[in-house]
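Chemist: build me a model from this:
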Amino acid sequence: MPMDEKIEKYIHQCKSILASTLDPLCIVDKSNHIVYFNSLMQVFLEINSKELRESPKFCDLLKLEICSASCQIMEACVQKGEKIEHNCTLGKKNNQAVKLRMHVEPLYNLELNEKNEIMGAIIQIRDITAEETLGQKYKLLIRSAAEIVFKANELHNIKKDLIKIST
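Modeler: Numbering: from 1, shown residues only. Now for the predicted structure:
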């Protein structure tokens, strides 16, 4: 069975799972061409389904600042079977850099006689901008709390010294 048919069979078998994923997700073939995408990928990239289907390659569509590295990631996944997690920045939305975490996993042929054959990759993207912003605010809050405790201890020591002096 040709590779395209194998991927289509896989997508058909897993369509409800793929569609219900809560993050933008797509499947690419070994050449990095998009063969499936869920509705969240379309919304995330702010393009219509026709543009998404006609895109030459996933990396070209995403237009990452580090696109060449991203394409290397895809190649490592589909050629060597490596599972990859990669953080990167995608331009700006609302004057803020969008930080992404990409999970890329090889898509294996599920037929028993071709167990180790890689058909392509599953790509899941998560916008971690808010998480990172909250993380930075949390660290700032912890530093501020530590400073308050330090200053409170200093004031307590000064108070003890004043009490000693006054007695």
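Chemist: how about the residue nearest in space to the middle of the chain, secondary structure?
Modeler: Note on the chain: the residue nearest the mean C-alpha position is residue 101, at 2.1 Å, using C-alpha atoms, centre = their mean. When classified by DSSP: H, G, I helix; E, B strand; the rest coil, residue 101 comes out as strand.
Chemist: residue 82 too?
Modeler: coil.
Chemist: let's have the chain start at 13 instead
Modeler: All set: I'll call the first residue 13, so the last point we hit is now residue 94.
Chemist: which residues touch it?
Modeler: 88, 118 (C-beta atoms under 8 Å, 6 or more residues apart in numbering). C-beta: built from backbone N, CA, C; applies to glycine.
Chemist: what's the distance between it and residue 85?
Modeler: Distance of residue 94 to residue 85, computed by C-beta to C-beta, to the nearest Å: 9 Å.
Chemist: and what of residue 102?
Modeler: Separation of residue 102 from residue 85 (C-beta to C-beta): 14 Å.
Chemist: so where's the chain uncertain?
Modeler: Scanning the chain with the threshold set as pLDDT under 70 gives 13-15, 64, 67-68, 74-83, 103-107, 124-127.
Chemist: in it, which spans are strands?
Modeler: Here the chain has its strands, by DSSP state E, at 37-41, 46-49, 96-105, 108-120, 130-139.
Chemist: nearest to residue 18, out of those?
Modeler: When these are compared by C-beta to C-beta, strand 130-139 sits nearest residue 18, at 5.5 Å.
Chemist: what lies in contact with the closest one?
Modeler: 15, 18-19, 22, 33, 35-42, 47, 53, 56, 70, 86, 89-91, 93, 110-121.
Chemist: Provide the strand pairings for it, with the direction of each partner.
Modeler: Strand 130-139 pairs in its sheet with strand 37-41 (antiparallel), strand 108-120 (antiparallel), by DSSP bridges.
Chemist: measure how it sits relative to strand 96-105, angle-wise.
Modeler: Angle, strand 130-139 to strand 96-105, by axes from the mean of the first three to the mean of the last three C-alpha atoms, to 10 degrees: 50 degrees.
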